[in-house]
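J.: let me see the structure of the following:
(one chain, ligands or ions: 1)
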Amino acid sequence: MTTRSTTLPGGTWSLGDPDVTRFGYGAMQLAGPWVMGPPADHDGAVAVLREAVELGITHIDTSEAYGPHVTNRLIREALHPYPEGLHLVTKVGATRDEQGGWPPARRPDDLRRAVHENLATLGLEALDVVNLRLGDADGPQPGSLAEAFEALVELQQDGLVRHLGVSNATAAQVAEAQAIAPIVCVQNMYNLAHRHDDELVDRLAAQGVAYVPFFPLGGFSPLQSAALSAVASRLGATSMSVALAWLLQRSPNILLIPGTSSTAHLRENVVGAALSLSAEDLRELDTIGR
Ligand SMILES: NC(=O)c1ccc[n+]([C@@H]2O[C@H](COP(=O)([O-])OP(=O)(O)OC[C@H]3O[C@@H](n4cnc5c(N)ncnc54)[C@H](OP(=O)(O)O)[C@@H]3O)[C@@H](O)[C@H]2O)c1
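T.: Modelled structure (predicted):
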């Protein structure tokens, strides 16, 4: 299997040295309910991953915590040996408990183990990008990331990780990480209705650093808003399409990783994200999250 040159909406962005398609794919939804256990439809999950690559997507977001171990193994089963140009971005810093919780695992030993687990389950000798996941299920929490981030820098110096990022991070933690070592991306919750990172998006754009919103479609609670529905019906599009197109138009450093367990939704999202939003549409959509 080879990746195709992209005609995906948004073009490409340089994530460190590699160019990735701004339209990517988030693999979290491939695990079982609440991201625990195997998928109900194993073959369907494999088909979604192969379709993503067929569509020309070169950026897949994953984590050893999804399942746990489930999405990484599916990615390997579906796509290994990986086509040239495909970039797998993973994250470390949280594990799973038996209740499906996401307890932090950010001690240097935890991070070293997590990097080695990702390498083993994905079948790689080095990971393209590793995000340090901070905070908790309630969102980013203040506090120094230095000890954890420095542990990842060591793994990078050992050649096990090519590029670093942070996730679920405050603006202060992003700046703290950047004072220690370069980062290529920040992965935080952001969408039409959650605009708390507006300033951070713009600051990172000026620095050439990618901003990768998680829950671009609202995650476990799909985006719902009267203004979004009004714009979507005026354009004859779905709310999902408008939400994705808005992100691509919001800033050139925004990379999309919408999740889906459906090849039909994946194709719909690729088409939908190409929607062109007028200044009037954007003004109306701006009222949702401000
Ligand atoms: N760093 C972090 O802490 C963190 C946290 C959460 C997520 N993430 C990453 O971010 C990625 C995206 O987040 P997410 O997947 O949770 O949320 P999302 O992309 O906002 O939404 C995914 C949901 O939207 C549905 N959906 C997608 N396309 C659709 C369509 N065309 N029509 C109808 N429904 C559609 C999916 O259902 P179907 O399966 O039925 O399509 C799924 O339930 C994840 O995959 C993961 O890689 C990172």
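J.: please count neighbours and contacts with C-alpha atoms only from this point.
T.: Will do.
J.: what's the following helix or strand after the biggest helix by length in the chain?
T.: Secondary structure of the chain read by DSSP state H shows that its longest helix is helix 108-122. Using DSSP states H and E, the helix or strand that follows helix 108-122 in sequence is strand 127-133.
J.: so how far is that following strand off the chain centroid?
T.: 11 Å (Cα atoms, centre = their mean, to the nearest Å).
J.: ok, stretch 173-191 next?
T.: Taking the mean of its C-alpha atoms, stretch 173-191 sits 13 Å from the chain's own mean (Cα atoms, centre = their mean).
J.: list the buried residues of it.
T.: Using 16 or more other Cα atoms under 10 Å as the test for burial, stretch 173-191 gives 173, 174, 177, 183, 184, 185, 186, 187, 188, 189, 190, 191.
J.: dump the residue contacts of the residue nearest to the fifth one when sequence neighbours are not counted.
T.: The reference is to residue 184. If the residues on either side of it in the chain are set aside, residue 184 comes closest to residue 209, at 5.2 Å by Cα to Cα, 6 or more residues apart in numbering. The neighbours of residue 209, taking Cα atoms under 8 Å, 6 or more residues apart in numbering as the test, are 15, 183, 184, 185, 186, 253.
J.: show me what the fourth one is bridged to.
T.: Right, residue 185. Legend: beta-bridge partners of residue 185 under DSSP bridges are residue 165, residue 210.
J.: state the distance from the closest residue to the ligand within the stretch 51-200 of the chain to residue 129.
T.: Closest residue of the stretch 51-200 of the chain to the ligand, Cα to the nearest ligand atom: residue 61 (4.6 Å). Applying Cα to Cα, to the nearest Å, the value for residue 61 to residue 129 is 10 Å.
J.: residue 207: neighbour count?
T.: 10 (other Cα atoms under 10 Å).
J.: do the same with residue 98
T.: Residue 98: 7 surrounding residues under other Cα under 10 Å.
J.: helix, strand or coil for it?
T.: Using DSSP: H, G, I helix; E, B strand; the rest coil, the structure places residue 98 in coil.
J.: from residue 67, how far off is it?
T.: For residue 98 relative to residue 67 (Cα to Cα), the value is 11 Å.
J.: now do residue 7
T.: Per Cα to Cα, residue 7 is found 32 Å from residue 67.
J.: between these two, who's got more neighbours?
T.: residue 67 (24 against 13).
J.: show me what contacts that one?
T.: Taking Cα under 8 Å, 6+ apart as the test, what residue 67 contacts is 31, 32, 35, 36, 37, 38.
J.: quickly list what residue 13 is bridged to.
T.: Bridge pairing for residue 13 (DSSP bridges) gives the partners residue 20.
J.: pretty sure it sits against residue 24.
T.: No: contact criterion Cα atoms under 8 Å: residue 13 and residue 24 do not qualify, at 10.9 Å.
J.: quick check: neighbours shared by the two?
T.: Common neighbours of residue 13 and residue 24, counting by Cα under 8 Å, 6+ apart, are residue 255.
J.: distance check, the nearest residue to residue 195 once chain neighbours are set aside against residue 225.
T.: Once flanking residues are discounted, residue 195 sits nearest to residue 289: 5.6 Å by Cα to Cα, 6+ apart. Note on residue 289: its distance to residue 225, by Cα to Cα, is 10 Å.
J.: kindly report the same for residue 139.
T.: 22 Å.
J.: how about residue 135?
T.: Counting by Cα to Cα, the gap from residue 135 to residue 225 is 27 Å.
J.: ok, these two, which is more surrounded?
T.: Higher neighbour count among residue 135 and residue 225: residue 135, with 18 against 14, using other Cα under 10 Å.
J.: list the contacts for the nearest residue in space to residue 22 that is not next to it in sequence?
T.: Excluding the flanking residues, the one nearest residue 22 by Cα to Cα, 6+ apart is residue 255, at 4.5 Å. When contacts are counted by Cα under 8 Å, 6+ apart, residue 255 touches 13, 21, 22, 23, 24, 210, 211, 212, 213, 248.
J.: out of these, the closest to the ligand would be?
T.: The shortest approach to the ligand among these belongs to residue 213, at 7.0 Å (Cα to the nearest ligand atom).
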